[in-house]
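Asker: Give me coordinates for this.
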Amino acid sequence: MATRIKTWEIVNDELKEIVESMPDAARKEKEHLEKWIKTNPKILGEDILIIGEQVHTNSGPLDFLSLIIQGIL
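Answerer: Now for the predicted structure:
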């Protein structure tokens, strides 16, 4: 079963769904989304520090392993 990830943007102070999916836009999670997050981790939030990538765990792989660094830096 595929997972559909919805995306939104704020336009003129209103939340607007972006209806074009990543596959429809010829985008792929590994090649595009993960690259964007890696090169601009603030997408995830100001207090996030990525410390690992493609980390294997007992529950399965994690695309990114991160820490919340609020108050640390």
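Asker: Phi, psi for the residue most central in space within the chain please.
Answerer: When Cα atoms, centre = their mean is applied to the chain, the residue found nearest the centroid is Ile37 (5.5 Å). The phi and psi values for Ile37, taken as degrees, to the nearest 10, are phi -70, psi -40.
Asker: What of the one 4 residues further on?
Answerer: Recorded main-chain torsions at Pro41 are phi -60, psi -10, according to degrees, to the nearest 10.
Asker: Could you pull up the residues touching it?
Answerer: Counting by Cβ atoms under 8 Å, 6 or more residues apart in numbering, Pro41 touches 48-50, 66. To be clear about C-beta, it is placed using only N, CA and C from the backbone, and glycine gets the same treatment.
Asker: Make a ChimeraX selection of the buried ones in those residues.
Answerer: Per 16 or more other Cβ atoms under 10 Å, the buried members of these correspond to this ChimeraX selection:
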select :48,66
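Asker: can you tell me which of the contacts of Pro41 are in strands?
Answerer: Under the assignment DSSP state E, the contacts of Pro41 contribute 48-50, 66 to strands.
Asker: Reformat those residues as JSON lines; add distance to Glu17 and pLDDT.
Answerer: Formatted as JSON lines, these follow (distance: Cβ to Cβ, whole Å; pLDDT from 0 to 100):
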{"residue": "Ile48", "distance to Glu17": "24", "pLDDT": "86"}
{"residue": "Leu49", "distance to Glu17": "29", "pLDDT": "88"}
{"residue": "Ile50", "distance to Glu17": "27", "pLDDT": "89"}
{"residue": "Ser66", "distance to Glu17": "26", "pLDDT": "89"}
